[in-house]
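Asks: From the sequence below, what's the structure:
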Amino acid sequence: MMKPYFILFLLFIFLGNAQTINKKEDSLISLLKSTTNPDKKISLGESFLLKDGHSDRFKAHTNRIIGMAFMIKGNSKSAVKYIQKALVFSEKTEDNGCKALVNCNMGEVYGFLGLASEAEEYLLKAKRYSSYIKNSEENAVVTLSINSVLSNLYKFEKETDKALKVNKENIFLLRKIKHNEEYYKILSHTFLGLGNAYKESKVYDSARFYYNKGIKASLQNPHKNYLYGIYRDLGDMEFDDKNYNEALKYYKNALSSPNIYITPEVKSYIYGKIIEASIKLKDIKNISKYADSAEHYKQLINTQNKNGVEAAVSKIKNDKIKIIDEKEKRVSNLLYLLLIFAILLLIITFWYFFILKKQKKLYQEYVKQFQSQHPTQTETIIESLSASVQTSINTDLELDILEKLNIFENEEMFRDQDMSLSKLASHLNTNTNYLSRIINQHYNKNFNNYINELRINYITKKITENPSYRNYKISFLAEDSGFVSHSTFSTKFKEVTGISPSQFLSLSSSEKQTP
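Replies: Below you'll find the predicted structure:
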């Protein structure tokens, strides 16, 4: 009696322990996300990964956060390395939110590297995963994050309409996370995106409106993540509008933005723009003040780029060695494939001529058969029935119907697209059952096959006897013979003749041209 209770007790312990582990891992992930300095974030994340017993979900989140920290530092090679690890771990989990964020981060890195189509592919994959998230608030947070990256991608690709669309979608989604800790972070980025879209369209009043709203939202976010970005882009807008003093003010505000790590690329860009604005204002003092900083970050970026080039050259060198080692194998494989291709080509050629010969034979047999039908099938049936020794009222009735059918055929009434068993029975002054029995008994086919065969025989005769019919479209031939549907005509044509309408037309043309 105690065993079921004991199992239930163990189950409660297991579930409680799993929940405790999940809460502990979530707290570690939150700690990692809240660390603003990328070097500290990387060090802390790597220390987490050294410990055993963590779930695949935790490893996915930790690797992606480390990867994005490397991205901030400008080390795209390490960023890709860690996010690729995160992708592997995320695919092992059932957490669609985790999968969505990892794919979103990979899209962000690819976008930074200028691989726009690959970036968009990852971001759209992230959106698919986000659509499976059942919790509405989590769904909204993840979708907002993806849209923010898409907004940046569309900005750099100059796709203003798409950028506006995703940012307006974010305004709607933000209502669902009003009290979430991510609210002001995403709100400020959304206003930044809207400002950029209007700036690209040179609608500067609207751009300033959204940039200012973005500043207010950023100031309410503890980390003030996008404050420097808003100031930088405001500076760009004022610079483009030739308001160089205003541009200088915003560039300097960007450099002094609190609680945020600004990448060397961004600093280099801002210092360069400060010098450009100072040149426009002929402010020699300001140029001298910022020249050293501009040169320092320019050299730093050049060094990073050099390292990136060296890594690329190393990879190319290894690839070349591999290519040389496999060259003979590839050549032999190519020759082998060429041999197989030649054999296949030979087989296909023989098969083609075999099919062509078969189709020609079917065509000739069919044409010979319907051309030799003198008298017609109906006339033959009437003669046979008239010559019968046994005559009766029923026989006379059948003869009457058959003679009317002969007239029906000769007058080509079967070409009427609305022709049906009931319509024909009414025309022949008989009932449908009696007419159907006569057709089945004397023609060995049902009404539909009887009508379709008359139509096909009519059109094949036209094709063989009237050269102009060989130039008509198949849809016209179908309609002319009484078929409503092109596909039905093609199907019935092949059933009756053994070949398709296009093949019949081709063979008919070649037969007539043969001396």
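Asks: which ones are touching V142?
Replies: Counting by Cβ atoms under 8 Å, 6 or more residues apart in numbering, V142 touches G97, A100, L101, C104, A126, S130, I133. Every residue, glycine included, has its C-beta placed from N, CA and C.
Asks: Reformat those residues as a markdown table; add distance to K280 and neighbour count.
Replies: Output for those, formatted as a markdown table (distance: Cβ to Cβ, whole Å; neighbours: other Cβ atoms under 10 Å):
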| residue | distance to K280 | neighbour count |
| --- | --- | --- |
| G97 | 48 | 21 |
| A100 | 45 | 27 |
| L101 | 42 | 25 |
| C104 | 39 | 26 |
| A126 | 42 | 27 |
| S130 | 45 | 25 |
| I133 | 49 | 19 |
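Asks: just checking, which of those belong to helices?
Replies: Residues of those located in helices (DSSP state H): G97, A100, L101, C104, A126, S130.
Asks: I figured the last one was touching D95, is that so?
Replies: No: checked against Cβ atoms under 8 Å, the pair S130 and D95 is beyond contact range at 11.6 Å.
Asks: hmm, back to that, how about the ones in helices among the contacts of V142 in a markdown table, adding distance to T430 and pLDDT?
Replies: Shown next, in a markdown table, are the ones in helices among the contacts of V142 (distance: Cβ to Cβ, whole Å; pLDDT from 0 to 100):
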| residue | distance to T430 | pLDDT |
| --- | --- | --- |
| G97 | 74 | 87 |
| A100 | 71 | 89 |
| L101 | 76 | 90 |
| C104 | 75 | 89 |
| A126 | 71 | 89 |
| S130 | 69 | 87 |
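Asks: helix, strand or coil for the spatially most central residue of the chain?
Replies: With distances taken as Cα atoms, centre = their mean, E121 lies nearest the centre of the chain, 8.5 Å away. Counting by DSSP: H, G, I helix; E, B strand; the rest coil, the backbone at E121 sits in helix.
Asks: and the nearest residue to it once chain neighbours are set aside, what pLDDT?
Replies: Ranked by Cβ to Cβ, 6 or more residues apart in numbering and with sequence neighbours excluded, the top spatial neighbour of E121 is G107, at 7.6 Å. pLDDT for G107: 86.
Asks: Then R437?
Replies: 91.
Asks: 55 is where my numbering starts, stick with that
Replies: Understood, numbering begins at 55; the last thing we discussed is R491.
Asks: what's it sitting at in phi/psi?
Replies: The phi/psi pair for R491 (degrees, to the nearest 10) reads phi -70, psi -40.
Asks: next one: N299
Replies: phi -70, psi -40.
Asks: got the contact list for the helix or strand encompassing K516?
Replies: K516 is part of helix 501-519 when elements are defined by DSSP states H and E. Contacts to helix 501-519, defined as Cβ under 8 Å, 6+ apart, come from residues 420-421, 424-425, 463, 466, 468-469, 473, 475, 478, 489-490, 493, 497, 499, 523-524, 531, 534-537, 546-547, 549-551, 558-559, 562.
Asks: Give me the buried entries from the residues you listed.
Replies: The neighbour-count test (16 or more other Cβ atoms under 10 Å) marks 420-421, 424, 463, 468-469, 473, 475, 478, 489-490, 493, 497, 523-524, 531, 534-537, 546-547, 550-551, 558-559, 562 as buried among the contacts of helix 501-519.
Asks: So for G289, what's the pLDDT?
Replies: 85.
Asks: Could you do the one 10 residues further on as well?
Replies: Confidence per residue is given as pLDDT, and for N299 that number is 85.
Asks: picking that back up, so the residue nearest to E175 makes contact with L177?
Replies: Yes: counting by Cβ under 8 Å, L177 is a contact partner of G161 at 3.8 Å.
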